[in-house]
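J.: Build me a model:
(one chain, ligands or ions: 4)
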Amino acid sequence: VILFTRSALRASAAAKLHNAVELIKPQLSAVEERIREQARAFDPAIENYIAYACGTNGKRLRPVLALLSGAATGPLSAGHVDLAVILELIHLATLVHDDIMDGAEIRRSQPTTNAKWGNALAVLLGDCLFAHALKLAARFPDNEVCRRIADAAGNVCSGEIIQTQHRFDLKLTIPDYFRIIEMKTAALFAAAGELGAYVSGAGPATTLALKTYGLKLGTAYQVYDDCLDIGGTEENAGKTLGLDLQRGKLTLPVLYLLQDASREEHQRFGEILLRGTPESALEDLAREVVRRGCLRRSVETAKKMVIEAQTELKQLSRSRYTVALQDVAGFLSNTVDQLAAVA
Ligand code: IPE
Ligand code: IPE
Ligand code: MG
Ligand code: MG
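T.: Numbering: from 1, shown residues only. Ligands and ions are numbered 1, 2, ... in the order given. Predicted coordinates for the structure are as follows:
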């Protein structure tokens, strides 16, 4: 009975996401096509590298948010499609750089660009994608759009730098962690919500509500991703997992573990984290995170933030698009829950 209920819940959550995406299907197809044709804007010598990076199938979460926020606040225009393309290209650039820093091998079920061509080439490829996205953003007649996109991109990179500064830092606090993930991940979700509304010409209160929705949802999303790194499977995730502990990234489940630990345990866990080897010790630590309910607690934290995100939407007049934004958030809540159920 429980199994039936769980799979029924999963099916209903997937149906909600499907319905949400269905509402913006033509625009999302246009985004897809546009992303894939961007390689042609580059020198023939590098076209193939860009085509490889742009040819991968991501979940397109940021385009979905930008389009739904746009549609919830006015009719969708070509500007919204441009915005969605730009956000996805920035995201892609950060993934290319992130995979270099993490030494990741697989992304979107394919070898990473660093695995294929080495770090030196991949760094510059990421730069090309950033530069190209900003070039597209500069085409908006209102340069406020470009400014806000550049701001978000700067936040993402700064968040990744601060995270790197705190690798293997056992003194990292939970508020420090949230500040980092708000910058590295939620900033782009916030820009999607905010600019979707801005391009529709929405008023400041509505625009702020959608920005805050994006910020909360993006934060919850990174908590989910950090749980996935510990409790997920690579086949399902389509990317290299288990790297956070190896690279000394202290994520929420581990921070909860350390917070709850006795002084002796803290010492022992700390040594394993700092030494990082053998890998089996890190796997044991990950199991300890699950056994002590720290993954479950992180999931509950993510779900609370999803509810906070949904609450922001009450400020908008109800339409099928605001319902769709609720459903996207609900889908995340459900997905994160399944992760803990498996664990
Ligand atoms: C991965 O983002 C990086 C994080 C911010 C957690 P996504 O999970 O949105 O990756 P894609 O775009 O679907 O590949
Ligand atoms: C990276 O976080 C988020 C970015 C802003 C690029 P992660 O390092 O956890 O992302 P994944 O797990 O590699 O996708
Ligand atoms: Mg990574
Ligand atoms: Mg991750």
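
J.: Please make it C-alpha for all contacts and neighbour counts, starting now.
T.: Noted.

J.: how about the strands in this structure?
T.: Using DSSP state E, the strands of the chain run over residues 106-107, 110-111.

J.: out of these, deepest packed?
T.: Sort the strands of the chain by mean neighbour count, taking mean count of other C-alpha atoms under 10 Å, and strand 106-107 sits at the top with a mean of 20.

J.: count of residues packed around I174?
T.: Counted by other C-alpha atoms under 10 Å, the residues lying close to I174 total 15.

J.: Quick check: it touching L250?
T.: No - at 9.5 Å, I174 does not count as touching L250 under the criterion of C-alpha atoms under 8 Å.

J.: Report all helices and strands that the helix ranked longest in the chain contacts.
T.: For the chain, the helix reaching the highest residue count under DSSP state H is reported as helix 204-231. Applying 3 or more C-alpha pairs under 8 Å, 6 or more residues apart in numbering; DSSP states H and E, we find helix 204-231 packed against helix 61-73, helix 174-181, helix 187-199, helix 243-246, helix 252-260, helix 294-312, helix 320-342.

J.: Which one, of those helices, ends up nearest to Y52?
T.: Put simply, out of the helices and strands packed on helix 204-231 the one that sits nearest Y52 is helix 61-73, at 19.6 Å, with distance taken as C-alpha to C-alpha.

J.: Spell out which parts of this protein neighbour ligand 2.
T.: If contacts are counted using C-alpha under 6 Å from any ligand atom, the residues of the chain sitting beside ligand 2 are T94, L95, D98, V156, K184, T185, D226.

J.: if you skip the residues just before and after it, what's nearest to E47?
T.: Once flanking residues are discounted, E47 sits nearest to A39: 5.2 Å by C-alpha to C-alpha, 6 or more residues apart in numbering.

J.: circling back to that earlier point, out of the strands of the chain, which is closest to V328?
T.: Between V328 and the strands of the chain, the shortest gap by C-alpha to C-alpha is with strand 106-107, which sits at 22.8 Å.

J.: Please compute how far that closest one lies from its chain's middle.
T.: For strand 106-107, the distance between its averaged C-alpha position and the chain's averaged C-alpha position is 15 Å (C-alpha atoms, centre = their mean, to the nearest Å).

J.: in this protein, what residue sits furthest out from the centroid?
T.: Taking C-alpha atoms, centre = their mean as the measure, the residue most remote from the mean C-alpha position of the chain is E264, 35.1 Å away.

J.: Distance of that one relative to ligand 1?
T.: Per C-alpha to the nearest ligand atom, to the nearest Å, E264 is found 33 Å from ligand 1.

J.: who touches stretch 65-78?
T.: Residues from elsewhere that reach stretch 65-78, judged by C-alpha atoms under 8 Å, 6 or more residues apart in numbering: 24, 27-28, 80-81, 83-84, 189, 192-202, 206, 210, 214, 319-322, 324-325.

J.: between the residues of the chain next to ligand 2, which is closest to L17?
T.: Within these, distances to L17 taken as C-alpha to C-alpha reach their minimum at T185, with 20.8 Å.

J.: Quick check: the gap between the closest one and Q222.
T.: Using C-alpha to C-alpha, to the nearest Å, T185 is found at 7 Å from Q222.

J.: And the two? Which one has more around it.
T.: T185 (27 against 20).

J.: show me the contacts for the closest residue to the more buried one other than its chain neighbours.
T.: Using C-alpha to C-alpha, 6+ apart and skipping the chain neighbours, the partner closest in space to T185 is G218 (6.0 Å). With contacts taken as C-alpha under 8 Å, 6+ apart, G218 has the following neighbours: E182, T185, A186, A187, L188, F189, A190.

J.: Ok, I162 next?
T.: I162 touches I180, counting by C-alpha under 8 Å, 6+ apart.

J.: Please tell me how far stretch 319-328 is from the chain's geometric centre.
T.: From the chain centre to the centre of stretch 319-328 is a distance of 19 Å (C-alpha atoms, centre = their mean).

J.: in the stretch 201-343 of the chain, which segments are predicted with low confidence?
T.: 342-343 (pLDDT under 70).

J.: That one against ligand 1: which residues are in contact?
T.: Q222, D225.

J.: before we move on, back to that, what subset of the contacts of stretch 65-78 is buried?
T.: For the contacts of stretch 65-78, a burial check counting by 16 or more other C-alpha atoms under 10 Å picks out 24, 27-28, 80-81, 83-84, 189, 192-200, 202, 206, 210, 214, 321-322, 324-325.

J.: Let me know the distance separating A41 from L129.
T.: Where L129 is concerned, A41 sits at a distance of 11 Å (C-alpha to C-alpha).

J.: If you could redo that for K249, that was the one I meant.
T.: In terms of C-alpha to C-alpha, K249 sits 26 Å off from L129.

J.: same thing with R40?
T.: Here R40 is placed at a distance of 13 Å from L129 (C-alpha to C-alpha).

J.: More neighbours: these two, which one.
T.: In this comparison of R40 against L129, neighbours counted by other C-alpha under 10 Å, the higher total goes to L129 at 24 against 13.

J.: circling back: list the contacts for the residue nearest to E47?
T.: Applying C-alpha under 8 Å, 6+ apart, one finds that A39 lies in contact with E47, N48, I50, A51, C54.

J.: Spatially nearest residue to the last one, not counting backbone neighbours?
T.: Yep, that's C54 we're talking about. R36 (5.7 Å).
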